[in-house]
Each structure stands twice: as structure tokens, then as C-alpha cells.
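**Student:** what shape does this take:
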Amino acid sequence: MLRAVLAIVVVAGLLAAGVAGTISALNRTVYSAGGFVEQYLDALARGDTVGALALGGVMPGTADLAAWGLTNEVAKDLPETLLRASVLGGLDNIELASTTDTLATDDGTAQTVVFDFDLNGTASSMVFTVERAGTFGGVFNAWAFSTSPLAVLQVSVLHERSFTVNGLTLDTRAHSAADAPATFSTSAAYLAFAPNRYTFEHESAMLTAEKATVRATVAGPTAVEVNALPNEAMVGQVQSELNKFLDDCATQTVLQPTSCPWGITIDDRIESTPAWSITAYPTVALTPGELSFEMGATPGQAHIVVDVQSLFDGDVSTRDEDVPFTMGLSVVVQPSGALAIQLH
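**Tutor:** Below you'll find the predicted structure:
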């Protein structure tokens, strides 16, 4: 009987030691700081945004926003539009590089964790800070991010209000106050997953922006600029409207066409109806200004044919000559997509 009891005690001790060893092993791997961060990265790689956001400390708190230097205006109600699976992709070959103990922020331990990975085929890495968040099941370590791993993409869209990022088209003014004044260039900030690669662009009927790629591998603010500039269609339309305006001016049968950029003064008597034509249209080239796209003073050339009689000797002759002129203009793309052209 004693031998049987001793056997049971020995088996129980072995089982307890095995369980303790298993728990210890799990706390060093699956439930370690590195294991916690790997859960986050694996969720991003799978496009599991719900799982990623459910992890402790992923969403930035007030302390994170303040540490990132964001103004109250920017930090207030940061859009979560980009926290979606459709903009994720290209994260693989995830490997733990290092885990380093850091000073505790509370009564638990804090660690700095570095992971290496490939981001759309390019070797990259990211640093994460995590801290103990108690236990679960009474035995397994729980962790949370002490600094949110999310990025804040601060997008400036020059000369436009909309842009496309990873196939998703957004309007920077979607979260602005209803009475916010219209501006030539706009900006907005968005919460976004990191690590991830974001490609920004703009393509509309009148404006085109070259692609700008941002590799978000650091938590907090990352600035990106989308420079929307007039494309061939816009320049062509402005040129067509300008030419039409000048052609209409040329139909006026006076020496000084009204509201037109040229005219001629003749001291002799006019003996025929002045006939104007355009021999060289100003070539439209648009550059961004503070409030609109601008064409600076650009040369053009009109031509006049008119018979005149000299007041000196009465001779009649034909004035057949070129009349050079210069003109400029300003252009704004209206919300409807139509062009508002102001000549000057």
C-alpha cells in the first residue's frame, strides 16, 4: 500500500513538473513578448484586421498621440478609414530578430522587440515596445503594446482634395467641418497599419499625380505628399478655350477690340473695316500658384489688315501688319470637374 502511494506521489510530481515546464516553455515562446508581437504581424499578413485591432494597445491612446506631437485638432477623431484589409499586402517572411528588456512602466516587465520581414519583396524591420498586462488562465503571460504600432499618415494633397491609396479613393475634406472654407490644396491625417506599404496617386479628368510610395515601418506620423498637376487634357482644354476667346476677339471690326489683349492706334483716316486674325496663339503652360494654376504673361500675335488715308497728303494705303501682345490666365478645377478660367 505504501509503495502504491509513493508511486502516485511520484507520478503526480512528474506530471506537475511537466505541466510547469510546459507553462514555462509557452511563456517563453507563444506567450512571450515576441510571441505577442508575432500575433499582430501574422494577423496583418493574413489581412485579419479584426484580430490585429483586438490586441492590447494597438489603438493609440492619448499618451501616444501626445508623444507623436500631434495637435489636438489632428488627434481628435483620427479617421480609421485605412484600418481595413483591402489596403494590406506584401508582408511575409516574418522573423523575430531580438527581444531586449527595458525599464518597467508598471509592476510588470517591458520589452523592446524587433522583427525582420519582407515588405513587398524588400527586406525591412520594425521596432515594437510591449509590456506585461497581467496573466490569463492564472499562469500564462499577457502582453500589450506600450506604444501603439499604428502609423498616422499625414497626407497633403496639393492642388486637389482627393487621392487614391492602395486602390482606395479618399477625399481629404470628408472629415472636415461642413462650413470649412474651400482651399486650393488640402490635407488630412489617417490611422494606418504598420508595417505596410502605401502607394498614393491621383488621376482625374484634369489632374494627374505621380505615384508616391511610403513604407510605414515606424509607429506614429509619416508625411506623404500627393502633387496633382495639370495633365494633357487640362492643358489642351485651356488652350482650346483661350484660342476660342482670341478668335472671338478677332471678329471685332474695330482697332481696339473690347476686353481683348491687343489693339492698335492709327492717326490716319480709316477707309475700310479693320480685319483681325491670329497668327500666333500664346502657348499654354500651367504652373501651381497659391490659389490656382497660372499661365504667366505669354506672347501671342494678332494681324490686322485695314485701308487708311493719310491726313498729310491724302494717299490711301493698306496697313497689313502683325500686332504682338501678351496675356496670362488663372485656372481652377471646380468640384464639378469644370474649369474656371480667369484671363489677365
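
**Student:** measure T172 to V226 for me?
**Tutor:** Using CB to CB, to the nearest Å, T172 is found at 9 Å from V226. From N, CA and C alone the C-beta is placed, and that goes for glycine too.

**Student:** with D313 instead?
**Tutor:** 68 Å.

**Student:** which residues are common contacts for T172 and V226?
**Tutor:** 155, 157, 163 (CB atoms under 8 Å, 6 or more residues apart in numbering).

**Student:** tell me the secondary structure at the last one.
**Tutor:** Here F163 takes the strand state, with states given by DSSP: H, G, I helix; E, B strand; the rest coil.

**Student:** just checking, what packs against the helix or strand that contains P324?
**Tutor:** Using DSSP states H and E, P324 maps to strand 316-333. The contact analysis (3 or more CB pairs under 8 Å, 6 or more residues apart in numbering; DSSP states H and E) places strand 316-333 against helix 232-250, strand 293-309, strand 339-343.

**Student:** and of the shared contacts of T172 and V226, the nearest to S277?
**Tutor:** V157 (42.6 Å; CB to CB).

**Student:** isn't that closest one up against T186?
**Tutor:** Yes: V157 lies in contact with T186 (CB atoms under 8 Å); the separation is 5.2 Å.

**Student:** looking at the two, which is more packed in?
**Tutor:** V157 (25 against 21; other CB atoms under 10 Å).

**Student:** helices and strands of this protein: which one bottoms out on pLDDT?
**Tutor:** None of the helices or strands of the chain scores lower by mean pLDDT, DSSP states H and E than helix 2-28, at a mean of 47.

**Student:** next secondary structure after that helix?
**Tutor:** Next element after helix 2-28 (DSSP H and E): helix 33-46.

**Student:** I'd say F36 and L55 touch.
**Tutor:** Yes: assessed by CB under 8 Å, F36 is found in contact with L55 at 7.3 Å.

**Student:** joint contacts of the two?
**Tutor:** With CB under 8 Å, 6+ apart, F36 and L55 have common neighbours A144.

**Student:** who's more crowded, those two?
**Tutor:** F36 (24 against 18).

**Student:** residues contacting the more buried one?
**Tutor:** 55, 130, 143-144.

**Student:** pick out the most distant pair among the residues you listed.
**Tutor:** Farthest pair in the contacts of F36, by CB to CB: L55 and V130, 9.8 Å.

**Student:** what touches both of those two?
**Tutor:** Common contact partners of L55 and V130 (CB under 8 Å, 6+ apart): 36, 144-145.

**Student:** go through the residues you listed and name the one nearest G167.
**Tutor:** For the shared contacts of L55 and V130, the nearest to G167 is F145 (27.9 Å; CB to CB).

**Student:** about what we covered before: neighbour count: D313 and V226, which is higher?
**Tutor:** More crowded of D313 and V226, by other CB under 10 Å: V226, with 25 against 6.

**Student:** now for the helix or strand that one falls within, which elements pack on it?
**Tutor:** Assessed by DSSP H and E, V226 sits inside strand 220-227. Using 3+ CB pairs under 8 Å, 6+ apart, the elements in contact with strand 220-227 are strand 151-158, strand 196-203, strand 207-216.
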